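Quick check, what structure comes out for this input:
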Amino acid sequence: MVVRRVTRLWLLGGLVYAAVVVALTVSWMGPHGQVAGFRPTEVVTFVLTLPVSLLTLPVSYVVLAVVWNLTGADHGGPMWLVSVSYAMWFGLLAVANLALVVVVVGALRRRPAG
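Residues are numbered from 1 along each chain as shown. Predicted coordinates for the structure are as follows:
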C-alpha cells in the first residue's frame, strides 16, 4: 500500500515536472508568436532537463532547426508551429529524464548493500 502511494506521488510529481518544462518552453515566445529574444526561462528549462538535454544536444539542434526551416519561421511563417514543436520536444526530454531517474533508482535498489 505504501509503495502504491509513493508510486502515485512520484507519477504526479513527474507529470507536474513535465508540465512545468512545457509551460516554460511555451513562455519563450512573445505575445504575438514572435521570438522574444533571450529569456531567463530558457536557462531554467535547460537546467530542468539536465542531463538528457546535454546528451541529446546535437539531435535537439538538428530537429528544432528542421522544424524552424520547414515552417518558414525565418521568413514570417507561423510561429505557433515552432512553439508547439519546441514544447513537445522539451516535454519529451522531460519524460526521458523521468525514465532515466526510474532506471537509476531501480538499479540502486537492486544493488546489494555493502
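
Next, count neighbours for the residue lying closest to V20 once chain neighbours are set aside.
Of all residues not flanking V20 in the chain, L48 sits nearest, at 7.1 Å (Cβ to Cβ, 6 or more residues apart in numbering). C-beta coordinates here come from the backbone N, C-alpha and C atoms, glycine included. For L48, the neighbour count with other Cβ atoms under 10 Å is 18.

tell me the secondary structure for F38?
Assigned by DSSP: H, G, I helix; E, B strand; the rest coil, the conformation of F38 is coil.

Start at 52, not 1
Done: numbering now begins at 52, and the last item shifts to F89.

Looking at it now. What's its pLDDT?
For F89, the pLDDT comes out at 75.

Quick one: neighbours of it, just the number.
Neighbours of F89 (other Cβ under 10 Å): 9.

From V155, how far off is it?
Distance of F89 to V155, given as Cβ to Cβ, to the nearest Å: 32 Å.
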